[in-house]
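Trainee: I need the structure of the sequence given here:
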Amino acid sequence: MEVCYQLPVLPLDRPVPKHVLSRRGAISFSSNSYFFGGPAPRQLAKRRGAISYDSENQTALYIRMLGDVRVRSQVGFEPEPRGSHPYLYVDFRTLHSRPQSAGPVSARNVRRLLSFQRYLHSSRFIRGIPASNPLGYLLDDDYTGQAKLMLEKVGNWNFDMFLFDRLTNGNSLVNLTFHLFNSYGLIELFQLDMVKLRRFLVMIQEDYRSQNPYHNAVHAADVTQAMYCYLQEPKLAETMTSCDLLLGLLAAATHDLDHPGVNQPFLIKTNHYLAALYKNSSVLENHHWKSAVGLLRESALLSHLPTEDRLNMEERLGSLILATDISRQNNYLSEFRAHLDKRDLCLTNGGHRHFILQIALKCADICNPCRPWKLSKLWSEKVTEEFFHQGDIERKHHLEVTPLCDRQSNSVANIQIGKVTPLNLSPL
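Mentor: Modelled structure (predicted):
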């Protein structure tokens with residue numbers, strides 16, 4: 001069952017197909033040329049969304065977007081989320097084919113729809129969520145108690161994100177991030193609009209591709225929880241400013257936004273448009289950053305802040321996300337070792353605090369092997385499944401198979417050894 005909400009009333013001059021009405025989420029009517037790098041305003045009007053609006057045309061037309069529209073076909077293609085691009089060398093829809101059943105709607109899905117509508121349209125939510133009990137209005141009634149109990153221990157390194165995701169009906173990233181914003185007092189301190197924040201978090205979660213075994217919203221939630229654990233360390237908790245905390249959590253939640261499920265070398269050798277756009281340099285990380293800023297602007301979450309402050313926060317957010325590029329790992333480790341050897345890290349220095357945030361985010365992003373065995377094993381299986389999936393694509397399209405992604409010559413154990421050993425994380 002599809003959930004349709006926040007659809008605008010627009011003066012349409014043509015019938016709207018049913019599959020278009022299944023479009024979910026927010027709508028963008030503008031873009032900034034300096035941000036996306038393209039000079040043509042009409043080209044920028046595409047945004048990564050389903051609606052294009054030209055200021056010279058008084059009619060806003062619905063345009064089918066690759067990804068958000070869920071079309072049931074005999075082939076059984078999975079939809080691509082917002083952020084997909086029509087000009088791909090490899091059609092990623094064919095990579096995630098799986099049969100879909102047109103059977104009856106389950107009672108659980110009905111309950112999920114009704115609860116979603118309750119917290120979306122509830123007058124209590126529109127008026128604002130009391131700081132003392134924000135979760136009660138966000139989670140389904142059946143799961144509120146258990147999820148709240150888990151969030152009371154959100155700073156525990158043994159936190160089971162897979163269980164929390166089940167308890168929140170697949171909304172772990174939204175509920176976890178909202179809870180952390182609330183617990184740090186960031187909503188009140190930065191005067192964030194409750195509805196805008198909720199909308200922003202939902203858009204983030206939707207822009208992660210659920211068909212990815214590993215790089216999905218659950219991984220983002222897990223990294224955000226790990227980031228929170230690091231920020232709770234006494235030295236960091238005493239020195240990090242509210243802005244540092246806000247950016248650290250935002251970067252963790254968006255660090256893999258709209259990840260295609262393949263790595264940078266794959267995008268380069270398939271002549272993907274992102275590789276050309278970012279000149280083969282930190283391709284995925286740049287895309288995650290620009291996607292995050294696009295959602296920040298679309299949701300207008302920070303629109304009430306002075307322009308200079310807002311732009312500065314966007315740049316710092318980018319600096320944090322770009323730090324997760326594994327190809328730049330040695331640069332950060334060398335700098336970190338130098339600081340440790342000199343013992344000159346001063347957390348009252350804004351630049352040093354930002355560097356520590358970068359290191360913390362890097363650690364959070366690759367911390368799976370450090371989790372309890374039960375969780376670590378699950379993450380290992382998921383990342384290996386995604387690697388093998390890429391290898392299958394490469395073999396199917398007669399490309400050189402990436403060694404790490406070859407299921408015919410690798411195992412989960414071998415991949416994890418090969419993945420962790422070269423990182424040389426002892427200083428971290």
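Trainee: what's stretch 242-255 in contact with?
Mentor: 173, 177, 180-181, 184-186, 189-190, 201, 204, 220-221, 223-224, 226-228, 231, 240, 288-289, 291-292, 295, 313, 316-317, 320-321, 324, 353-354, 357, 360-361, 364-365 (Cβ atoms under 8 Å, 6 or more residues apart in numbering). Quick note: C-beta positions are derived from backbone N, CA and C, even for glycine.
Trainee: what average pLDDT does it get?
Mentor: For stretch 242-255, the mean per-residue pLDDT is 99.
Trainee: over to stretch 349-359?
Mentor: Here the average pLDDT along stretch 349-359 is 98.
Trainee: what do you get for stretch 365-377?
Mentor: Per-residue scores along stretch 365-377 average to 96.
Trainee: before we move on, what about stretch 164-175?
Mentor: On average, stretch 164-175 scores 96.
Trainee: point out the other helices and strands that the longest helix seen in the chain packs with.
Mentor: Secondary structure of the chain per DSSP state H: the longest helix is helix 373-396. In terms of contacts (3 or more Cβ pairs under 8 Å, 6 or more residues apart in numbering; DSSP states H and E), helix 373-396 is packed against helix 161-167, helix 264-269, helix 412-420.
Trainee: quick one: which of these is nearest residue 401?
Mentor: Smallest distance to residue 401 across the helices and strands packed on helix 373-396 (Cβ to Cβ): 10.5 Å, for helix 264-269.
Trainee: and the contacts of that closest one?
Mentor: 260, 272, 274-275, 280, 282-284, 327, 390, 393-394, 399-400, 402.
Trainee: quick one on the thing from earlier: deepest of the helices and strands packed on helix 373-396, which one?
Mentor: The highest mean neighbour count among these, using mean count of other Cβ atoms under 10 Å, belongs to helix 161-167: a mean of 20.
Trainee: immediately after it, which helix or strand?
Mentor: Reading on from helix 161-167 to the C-terminus, the next helix or strand found by DSSP states H and E is helix 172-183.
Trainee: thinking again about what came up before, give me the buried entries from the contacts of helix 264-269.
Mentor: Neighbour counting with 16 or more other Cβ atoms under 10 Å marks 260, 272, 274-275, 282-284, 390, 393-394, 402 as buried within the contacts of helix 264-269.
Trainee: what is the lowest-pLDDT residue among those?
Mentor: Lowest confidence among the buried ones among the contacts of helix 264-269: residue 402, with 92.
Trainee: next, the contact list for it, please.
Mentor: So, once contact is read as Cβ under 8 Å, 6+ apart, residue 402 ends up touching 263, 265-266, 387, 390-391, 394.
Trainee: and it, how far from residue 270?
Mentor: 12 Å (Cβ to Cβ, to the nearest Å).
Trainee: still on that earlier bit, ok, of the contacts of helix 264-269, which one's closest to residue 214?
Mentor: Distances from residue 214 to those, taken as Cβ to Cβ, are shortest for residue 390 (10.9 Å).
Trainee: contacting residues for the closest one?
Mentor: Residue 390 neighbours (Cβ under 8 Å, 6+ apart): 261-263, 266, 402, 405.
Trainee: can I get the residues you listed in CSV with distance to residue 308?
Mentor: Formatted as CSV, these follow (distance: Cβ to Cβ, whole Å):
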residue, distance to residue 308
261, 37
262, 37
263, 36
266, 38
402, 43
405, 44
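Trainee: ok, which pair from those is furthest apart?
Mentor: 261 and 402 (13.2 Å).
Trainee: could you pull out the helices in the stretch 251-400 of the chain for me?
Mentor: 264-269, 273-277, 283-299, 307-322, 329-342, 350-365, 373-396 (DSSP state H, counting those that start in this stretch).
Trainee: how about low-confidence regions in this structure?
Mentor: 1-143, 416, 418-428 (pLDDT under 70).
Trainee: can you pull the domain assignment for it?
Mentor: 1-102, 169-423 (automatic domain parsing).
Trainee: which of the helices of the stretch 251-400 of the chain is buried the deepest?
Mentor: Taking mean count of other Cβ under 10 Å, helix 283-299 is the most buried of the helices of the stretch 251-400 of the chain, at a mean of 23.
Trainee: that older thread, residue 157: which of the helices of the stretch 251-400 of the chain is closest?
Mentor: Of the helices of the stretch 251-400 of the chain, nearest to residue 157 by Cβ to Cβ is helix 373-396, at 9.8 Å.
Trainee: with just CA atoms, put that closest one into CSV.
Mentor: Once non-C-alpha atoms are left out, helix 373-396 reads as follows in CSV (Å, rounded to 0.1, in the frame of the first residue of the first chain):
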residue,chain,number,x,y,z
TRP,A,373,29.9,-10.1,17.4
LYS,A,374,26.2,-10.6,16.7
LEU,A,375,25.9,-7.2,15.1
SER,A,376,29.3,-7.2,13.5
LYS,A,377,28.5,-10.5,11.7
LEU,A,378,25.3,-9.1,10.4
TRP,A,379,27.0,-6.0,9.0
SER,A,380,29.7,-8.1,7.5
GLU,A,381,27.2,-10.2,5.6
LYS,A,382,25.4,-7.1,4.4
VAL,A,383,28.4,-5.3,3.1
THR,A,384,29.7,-8.5,1.4
GLU,A,385,26.3,-9.0,-0.2
GLU,A,386,26.6,-5.5,-1.7
PHE,A,387,30.1,-6.1,-2.9
PHE,A,388,29.2,-9.3,-4.6
HIS,A,389,26.2,-7.6,-6.2
GLN,A,390,28.6,-5.1,-7.8
GLY,A,391,30.8,-7.9,-9.0
ASP,A,392,27.8,-9.6,-10.5
ILE,A,393,26.9,-6.4,-12.4
GLU,A,394,30.5,-6.1,-13.6
ARG,A,395,30.5,-9.7,-14.9
LYS,A,396,27.1,-9.3,-16.5
